[in-house]
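**Student:** Return a 3D structure for these sequence lines:
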Amino acid sequence: MGKKKKSSNAAVGLSGYERKHLHDFGEVHPLNDTFEAPSSTTTRRPASGAKKHPSKVSFKSTTKRKPKVQEFQAESSDEERPDYAQKMMMIFARRKQRQLMKSYEKVLEVHGQKRKAASDSADGDAKRVCEDEASSAGPPTSEDKDKEDIDLSSEDEAEAVWSSDEEKDDATPSGSCPNYFSLHFENTLPDSLAKSLLAGREPSTKGYTSAGLGKVEERTYSDVSESSEEFLSHTKDSQSVGSAAFDTDISKELRGGWSQMTERTSLACTWQTLFNQMNAYRDIVYGERTHADSESIRRLYCLHALNHVLKTRHRIVKHNAKLKESQPDEVPDTMRDQGWTRPKVLLLVPFRHSAVQIVQTMLCLLQDPAEKLLVGHRKRFFQEFGDDSDSDDEKPNKSVDFREMFTGNSDDNFRIGLSVQRKVVRLYSDFYSSDIIIASPLGLRTIIGAPGDRKRDFDFLSSVEVAIVDQVDVFLMQNWDHTRQIFDHLNLRPTKLHDADITRLRHWSINEWSRLYRQTVIISDSLFPELKSLARKSCHNYAGGLQYHKPLTQGAVQQVTANVQQKFEKVKHSSIVSEPQDRFQYFVDMVLPGLVKDSHGHIGIFVPLYFDFVRLRNHFKQNDIDFIQLCEYTSNSDVSRNRSYLFHGRAQITLITERYYFYKRHTLRGLHRLVFYQLPRFGKFYPELINMLSLDADQLDERKVCTLYSELDGHRLAQVLGERQAKKMFSNRQHVCVLDAE
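**Tutor:** Below is the predicted model:
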C-alpha cells in the first residue's frame, strides 16, 4: 500500500471528485495510491519479438491516466494479474469496513469549523451546527447542490445523514398524537391470538353514523391481550385527534410538500378523520368515492404511503448506525425492523393515467422548496404513461364520470417500481429494490402467473405492509379474478432469500404472521358483494377495520326522465349454484316468446355477465333468431354497422353487454323496448339506458322496460330502487312489480 500524500500538496493535480474524497476522508482516493506495476511507464506496446523486462518500477496513477493502468494490466503476465487485483480488492474492502459514524463525525468537524469561523456563535458542537444548516429555510447555493449530488452517489453517506435527522425527529415530542407506526409494527401478538386470527375468527362488529362519512361499521377483536390493548386504545380515539397527525406524525420530508399542497384548499374535517384512521394502520373499506372527491382521497393515501416508507427507512438507517457503532454479538429484538423483501407498499389502480396522477402527487409531496429533488427516468415515465393519442379530445356527449375516468392513457396492463431515498426518487426500479409498487391487476397477474408456469414470481409481495386499492369497482369490468389472485399471493413465505438479513427479520415475519400486520385500504364507489367477500377473506389486520358506506335512500330510478312503464319480474332459484341456469330457463320460457312475436323490432337485451351473453347468443343461433351483438370484443366497424341496424330496425334483437357500455358509452338510438337480463352492476346505467328509448309520439305505447331479478341481486336492486323499496319487493309474495309511467 502506498503512503498518504502530504496535506500541503495533496490537492495538486486532483479532479473535483478526488478533492471531495480528500476533504471527506482525509486521504486521497485509493486509485491514486502508489503501486508496484509492470515494467514500462508509458502506454507504448513493445515491438514484436522484444523481450519484456521482468523488473518493476513504481509509478503514480491519476484519474486521467486510468486507461494506462488498464493497459498495463492487459500486458502483465498471468502471475502478476491476481496480485494487482488482490491489492485493489483489499483497498476497497478496507474502505467498506470503515465505520460510517467516524467518517461522518470528521465531516461534521470540518463543517463545524467553517460555521464557527463565519459566525460569532459560541456553540462548538459539530452536530448542532450541522442541524442548524439543515433547518435553514433559505435555498441552497450551487456549491451546496453539487456537494449534495455527490453525497447522494454514495448511499451509505446519505443514509448516515438521514439517520441523524431521524434521531432528531424521535427526540421531538409527539404531543397528543401517538406513534402509530411503532405501536402497530413493534407489537408482538401472543401465539394463541395469532393462531385464532389466522384460523379465520370473526371479529365483533358495531355500527354507528359519522358526521360527513355516513354509516360506519367497525370491526374489532374483543379478546385482545394486554400487549395489544395499548394500541387499540389509541385507535379508538384516533377520530378525536383532529389535525394533530398532520403536524407531528408526518415525516419532516413531507411537511413542506403537504403544506404547499393544502395551502390553497384547506383539508376538510372529514378527510382529517379518514387520514387519522389510515394513520392508525386499521383496515379501511371506503365505499363512498365520487369523482368530485377523488383527488382529495388520492392525496390522503399517497401521503400515508410515503409516510410509511420514510418511517420504515428512517428506522432501518438509524438501527444500522447503532449496530455499526456498538457491534453486538446478537441483534436485539428492538432492532428487528425488516421483512423478507424491500417493497412495503402496493398500490393497485386500473389505468396508466391513474398511475401518473399518483406519481405526480407523490413528487409534489416530496418536493421541498429549500431542497432539490432528483427524479430518475422522469421523461421515460411520462412518455410511456402519458396521454394516449387515440383517446378522444373532449368527449362532449359522454357523462362527466366517463370523461374523468377515461381522460388520458387507459391502458390496463402496466407495473412500475419506485425507490424512495433521501432527496432521490427512482422510477422503474427493480421490484426487489423498490419501496412502492404501482400496478394494475393485469400487470401483476402476468408476473405472478399460475401454478405450473415456468416463469412466475411473487416473492416481492411477501413483505407488503400497506396495500391500497383505488377504484376497485372498475376491476369488475376488467377481470375480478386478477384482483383475488393478487390478494391470495400477498405475505406468503418467499421461495428465495433475495439478500434478506435474517438477523434483522421481525419475529412475526418469520412466524408467517405478516398478513395480521398488513393494512388494507380499499376505495370504491359502493360496497358490492364481491368487494365485501374480498375484504372478509383477505383482511386479517389484528387492529380491526372500518367500513364506510352511504345509505341508499333514493335509487337511480329517480333519474329516469322517459315516460315508460317499468316491470320487475322475480326469478326463483333452488340454490346459489343453479341460479344462472334458473334465470336462463325463466327468460326462455316467460320473456323470449313475447320478444320474438313482436314484429316491430328495436329490442335491446342488456346482459351484465359475459357468460350469460354467450349462453343467449348460442341459443339465438340454434333457434334462428334474428339478432345483432354489441360486446367488448366487437370491432369498431361492426359496432358502427350494428348501431345503424338498430336505428333502422334491420335486426329484431340487439344483445348488449355491460362491459361494452362501460368502455364505450355510446348512445343507442332506435331502442323501443329494453330488457335487463340482470340488473347492471353500476346502478347509474339503469336510468341512462332507459332515457335512450325513442321519444317519438307514435311509439309511446311500444316503449316498455322489463327487468329480471333474484334474491341474490339485493345490492343491485337497492342501487336502482333504494333500500326500502328493495326490501318491500323481496318480502312481497308476488313475483311481478310494475312501476307505472307518470
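
**Student:** contacts for stretch 543-552?
**Tutor:** Outside stretch 543-552, the residues that touch it by Cβ atoms under 8 Å, 6 or more residues apart in numbering are 184, 203, 210, 213-221, 231-232, 235, 274, 277, 280-288, 519-520, 526-527, 535, 539, 718-719, 722-723. Backbone N, C-alpha and C define where each C-beta goes, glycine included.

**Student:** Now do that stretch, average pLDDT.
**Tutor:** Averaged over stretch 543-552, pLDDT sits at 89.

**Student:** okay, how far is it across it, tip to tip?
**Tutor:** 29 Å (Cα to Cα, to the nearest Å).

**Student:** Without its sequence neighbours, what residue ends up closest to His377?
**Tutor:** The spatially closest residue to His377, leaving aside those adjacent along the chain, is Leu427, at 4.3 Å (Cβ to Cβ, 6 or more residues apart in numbering).

**Student:** Ok, Asp501 next?
**Tutor:** Gln338 (5.9 Å).

**Student:** quick one, what contacts His648?
**Tutor:** So, once contact is read as Cβ under 8 Å, 6+ apart, His648 ends up touching Gly670.

**Student:** From Arg641, how far off is it?
**Tutor:** Separation of His648 from Arg641 (Cβ to Cβ, to the nearest Å): 11 Å.

**Student:** overlap in contacts of those two?
**Tutor:** Joint contacts of His648 and Arg641 (Cβ under 8 Å, 6+ apart) do not exist.

**Student:** Could you give the number of residues near Asp401?
**Tutor:** 16 (other Cβ atoms under 10 Å).

**Student:** Three-state assignment for it, please.
**Tutor:** Of the three states, Asp401 takes helix under DSSP: H, G, I helix; E, B strand; the rest coil.

**Student:** gap between the residue nearest to it when sequence neighbours are not counted and Thr273?
**Tutor:** Spatial nearest neighbour of Asp401, chain neighbours left out: His291 (5.2 Å); criterion: Cβ to Cβ, 6+ apart. The gap separating His291 from Thr273 is 21 Å, by Cβ to Cβ.

**Student:** Could you check which of the two has the larger neighbour count?
**Tutor:** Thr273 (19 against 14).

**Student:** The more buried one: which element?
**Tutor:** Assigned by DSSP states H and E, Thr273 belongs to helix 269-279.

**Student:** Rounded mean pLDDT for that helix, please.
**Tutor:** On average, helix 269-279 scores 86.

**Student:** Then stretch 404-423?
**Tutor:** Across stretch 404-423, the average pLDDT comes to 90.

**Student:** from memory His666 sits against Arg643, does it?
**Tutor:** Yes - the criterion here is Cβ atoms under 8 Å, and His666 meets it with Arg643 at 6.6 Å.

**Student:** between these two, which one's more packed in?
**Tutor:** Arg643 (19 against 16).

**Student:** Give me the distance between the more buried one and Glu512.
**Tutor:** Distance of Arg643 to Glu512, given as Cβ to Cβ: 54 Å.

**Student:** and what of Leu490?
**Tutor:** Using Cβ to Cβ, Leu490 is found at 12 Å from Glu512.

**Student:** More neighbours: those two, which one.
**Tutor:** Leu490 (18 against 14).

**Student:** residues touching that one, list them.
**Tutor:** By Cβ under 8 Å, 6+ apart, the contact set of Leu490 is Leu346, Leu461, Val464, Ala467, Arg515, Arg518, Ser538.

**Student:** Now with 6 Å, please.
**Tutor:** Leu461, Val464 (Cβ atoms under 6 Å, 6 or more residues apart in numbering).

**Student:** Surely it is in a helix?
**Tutor:** No - going by three-state DSSP, the assignment for Leu490 is coil, not a helix.

**Student:** quick one: pLDDT of it?
**Tutor:** Per-residue pLDDT puts Leu490 at 95.

**Student:** Check the gap between it and Ala268 for me.
**Tutor:** 32 Å.

**Student:** any idea how far Val591 is from Ala651?
**Tutor:** Distance, Ala651 to Val591, by Cβ to Cβ: 18 Å.

**Student:** same thing with Ile358?
**Tutor:** The gap separating Ile358 from Val591 is 45 Å, by Cβ to Cβ.

**Student:** For those two, indicate the residue with more neighbours.
**Tutor:** Each of Ile358 and Val591 has its neighbours counted (other Cβ under 10 Å); Ile358 has more, 22 against 15.
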